[in-house]
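Chemist: dropping a prediction and its sequence here:
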Amino acid sequence: MCLLQETKRTVFDYFMIHNLWGHKEVDWVAKESCGLSGGLLSVWNRDLFSMRFSFTRDGFLGVCVEWKDVLIYIFNVNSPCNIAGKRKLWTDLIDFKMNNEPGEWCLGGDFNSITTIGEPRGRKGIKDQLERAEFVNFIDAFEVVDIPLAGKKFTWFNSVGIVICRLNRFLLSEGFIEKGCITNFFAFVKETWGNLVIHGKKAYVIKEKMKRLKENLKVWNREVFGIMDFNIDKMVQELNEVEDLIANGYQAPNSSNSNVLVKRFLGADSS
């Protein structure tokens with residue numbers, strides 16, 4: 001499943017979704033943008049789960065689905081930037097949970113808020129501390145877990161690369177984590193790594209194990225999630241390199257180059 005924010009589109013159709021996703025066995029829900037601002041799109045393989053209904057309010061788009069005999073609510077979130085808008089979003093989310101059938105919860109997207117002192121770099125202030133405390137209180141009240149990033153520390157940087165933050169995140173209920181494939185993933189990696197028998201020098205053994213583990217993970221990914229190979233490894237590597245430069249204080253990339261990367265990543269570049 002893919003959760004996209006800031007689509008900046010008012011119209012979606014099957015032709016566009018099929019081209020974006022790569023095949024026609026796909027379902028989706030969308031929230032149109034307001035002019036050139038906002039817009040949400042959630043896309044998934046049709047056989048991934050059974051959908052009950054979709055819902056939307058200011059700042060989020062969601063679906064209620066049945067997956068592995070469990071009711072799950074999946075939210076695609078795009079939070080406002082101002083504190084008043086954030087507070088309304090947090091209140092609306094908690095209100096939705098309190099007034100719907102119990103289930104497991106998955107909230108993903110751009111929350112425009114931080115949870116720890118180390119998440120923003122290049123920006124400090126009392127307002128940030130107060131907002132951070134309120135956001136942490138919301139996470140606790142919603143009874144979800146803030147899933148840490150693997151490898152990368154930040155998800156956003158400003159145009160000159162001075163301020164970098166982690167604004168995007170996934171918040172999952174403990175039941176979702178236990179029922180889902182997150183714990184299964186670690187068990188799979190551990191078992192696969194232990195079963196790989198390779199002889200040679202230590203550096204060679206590690207290199208070959210990593211190579212074969214990656215191959216096994218691709219198969220596991222298709223079997224568990226049914227996600228097609230979009231051949232995005234190279235683009236992810238390039239985007240990660242840009243982020244590394246920014247995080248280490250180098251000058252921000254040229255905006256036109258950044259746009260080219262994004263277009264190529266989404267398959268929108270025809271060249």
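Modeler: Looks like it arrived, so ask away.

Chemist: from here on, contacts and neighbour counts on C-alpha atoms
Modeler: Noted.

Chemist: the longest helix in this protein is where?
Modeler: Secondary structure of the chain per DSSP state H: the longest helix is helix 202-225.

Chemist: now Leu61, what's its secondary structure?
Modeler: Taken by DSSP: H, G, I helix; E, B strand; the rest coil, the conformation at Leu61 corresponds to strand.

Chemist: spatially nearest residue to it (excluding sequence neighbours)?
Modeler: Leaving aside its chain neighbours, Leu61 sits nearest to Asn76 (5.1 Å; criterion: C-alpha to C-alpha, 6 or more residues apart in numbering).

Chemist: check which residues of stretch 31-47 are buried.
Modeler: Residues of stretch 31-47 classed as buried: Lys31, Glu32, Ser33, Gly38, Gly39, Leu40, Leu41, Ser42, Val43, Trp44, Asn45 (neighbour count, 16 or more other C-alpha atoms under 10 Å).

Chemist: go on, stretch 93-104?
Modeler: Leu93, Gly103, Glu104.

Chemist: straight-line length of it, end to end?
Modeler: End-to-end distance of stretch 93-104 (C-alpha to C-alpha, to the nearest Å): 14 Å.

Chemist: where do the helices sit along the stretch 1-150 of the chain?
Modeler: Secondary structure of the stretch 1-150 of the chain (DSSP state H, counting those that start in this stretch): helices at 14-21, 83-98, 126-142.

Chemist: out of these, flag the one nearest Asp69.
Modeler: Among these, the nearest to Asp69 by C-alpha to C-alpha is helix 83-98 (19.3 Å).

Chemist: the closest one - what's its average pLDDT?
Modeler: In this model, helix 83-98 has a mean pLDDT of 96.

Chemist: quick one: list the elements packing against it.
Modeler: Packed against helix 83-98 by the contact rule (3 or more C-alpha pairs under 8 Å, 6 or more residues apart in numbering; DSSP states H and E) you find helix 126-142.

Chemist: let's go with 7 Å and repeat that
Modeler: Packing contacts for helix 83-98, counted by 3 or more C-alpha pairs under 7 Å, 6 or more residues apart in numbering; DSSP states H and E, involve no helix or strand.

Chemist: let me know the angle separating that helix from helix 126-142.
Modeler: Helix 83-98 and helix 126-142 are oriented at 0 degrees to each other (axes from the mean of the first three to the mean of the last three C-alpha atoms, to 10 degrees).
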